[in-house]
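Peer 1: Quick one, structure for this:
(one chain, ligands or ions: 1)
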Amino acid sequence: MINILITGAAGLLGQYLTKHHKSNANILCIDLAENPFPELSNNIFIQADLTDFASLRKEISDFKPELIYNCAAFSDVDGCETNKDLAVKLNIDLVDNLISIPHSKLIQYSSDYVFNGKNGPNTEDDQVDPLNHYGWTKMQSEKLLEKSARDFLIIRTNVLYGTGNNIRPNFISWVIDNLRRNQNIHVASDQFNNPTYAGNLVGASIEAAGKHSGIMHIGGSDYMSRYDVAVKTAEIFNLNSNLIGPINTAKLNQPASRPLKAGLRVDKAVGLLKTRLLRLEDGLRLAYKH
Ligand SMILES: NC(=O)c1ccc[n+]([C@@H]2O[C@H](COP(=O)([O-])OP(=O)(O)OC[C@H]3O[C@@H](n4cnc5c(N)ncnc54)[C@H](OP(=O)(O)O)[C@@H]3O)[C@@H](O)[C@H]2O)c1
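Peer 2: Numbering: from 1, shown residues only. The predicted structure follows:
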């Protein structure tokens, strides 16, 4: 069986990856948070701080990972503006450290926020120009990989949704939770993306990791505004869409600037992968089916 290291294994994407590999790989999982799957027997889980890489290097090297999925990140976009040092340590320095683990292919998750949102959705060949610190750290980590001699695949994705044990809220779960509690919400009608079901991203990532290197965009197949995503979510789960009001991003006064016409062109993945990239409606039904 192949040896796979999954960093950030207790996060949204990490949990889908770990579950997917539960019977076909030896997995070393590392996360700050507790093991969400204590019942899995092929999974060694280390609860540790990946910014202290020196204390983990021997354990990782001894495990001899053939594949590394780097899902650990400081992914709170506004938090990255106020804690820039941590964003650098986790989103850049960790990648640098993982590059130094020999004989492994590194799968790095990046973001549509490496682009400026002026003319999205963007292709893999478009010029990067991040508007905020999170996007800047993701761009820097991409540069480290591109100038390394390692086999790598950078997967840029956007607006992940799905479920898991003790995961932090994502945009879709925030919409659902508020509407279920009959709370009014204001949702940006000028921010565009292609929301991505984490389970679908995992299927596509695993296929891509086996065959491709370089940069690939993987996201949902519907490109729409966050407001329209929220309304569609309400419709699918029979929630009250009258509670959702449109708002302009400028009025939200968020610490980090947001790219507006963001999102990803996924033509390359559609052409190269057998895994079908899901429409929002199909992803939502799969993610939240009860
Ligand atoms: N979510 C999105 O919409 C989105 C969009 C584009 C790209 N991405 C990228 O996709 C990847 C996965 O995202 P995700 O949504 O699955 O993220 P996530 O749910 O925030 O998971 C990240 C995991 O990393 C852990 N972590 C954070 N700091 C750590 C540290 N110092 N040491 C060890 N573990 C640490 C977190 O633990 P704690 O929760 O305990 O901090 C969390 O379990 C990231 O690279 C992200 O930047 C995500």
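
Peer 1: S55 reaches A48, doesn't it?
Peer 2: Yes. Judged on CB atoms under 8 Å, S55 makes contact with A48 at a distance of 7.0 Å. The C-beta positions use only the backbone N, C-alpha and C, and glycine is treated the same way.

Peer 1: Looking at those two, which one has more neighbours?
Peer 2: Taking neighbours as other CB atoms under 10 Å, S55 and A48 compare with A48 leading, 14 against 11.

Peer 1: give the contact list for that one.
Peer 2: Contacts here follow CB atoms under 8 Å, 6 or more residues apart in numbering; on that basis A48 touches I30, D31, L32, S55, L56.

Peer 1: now do G203
Peer 2: G203 sits next to H20, T275 when contact means CB under 8 Å, 6+ apart.

Peer 1: Ok, K89 next?
Peer 2: So K89 contacts T51 (CB under 8 Å, 6+ apart).

Peer 1: can you list the residues of the stretch 101-250 of the chain near the ligand?
Peer 2: When proximity is defined as CB under 6 Å from any ligand atom, the stretch 101-250 of the chain approaches the ligand at Y109, S111, T157, N158, V159, L160, I167, R168, N170.

Peer 1: what's the burial count for the last one?
Peer 2: Translated: N170. Neighbours of N170 (other CB under 10 Å): 20.

Peer 1: Next, the nearest residue to it once chain neighbours are set aside: phi, psi?
Peer 2: Nearest residue to N170 in three dimensions, chain neighbours excluded: Y161, at 5.0 Å (CB to CB, 6 or more residues apart in numbering). Torsion angles at Y161 (phi, psi; degrees, to the nearest 10) stand at phi -140, psi 160.

Peer 1: try S23
Peer 2: phi -120, psi 0.

Peer 1: For N42, see how far away it is.
Peer 2: For S23, the distance to N42 equals 7 Å [CB to CB, to the nearest Å].

Peer 1: who's more crowded, those two?
Peer 2: More crowded of S23 and N42, by other CB under 10 Å: N42, with 14 against 10.
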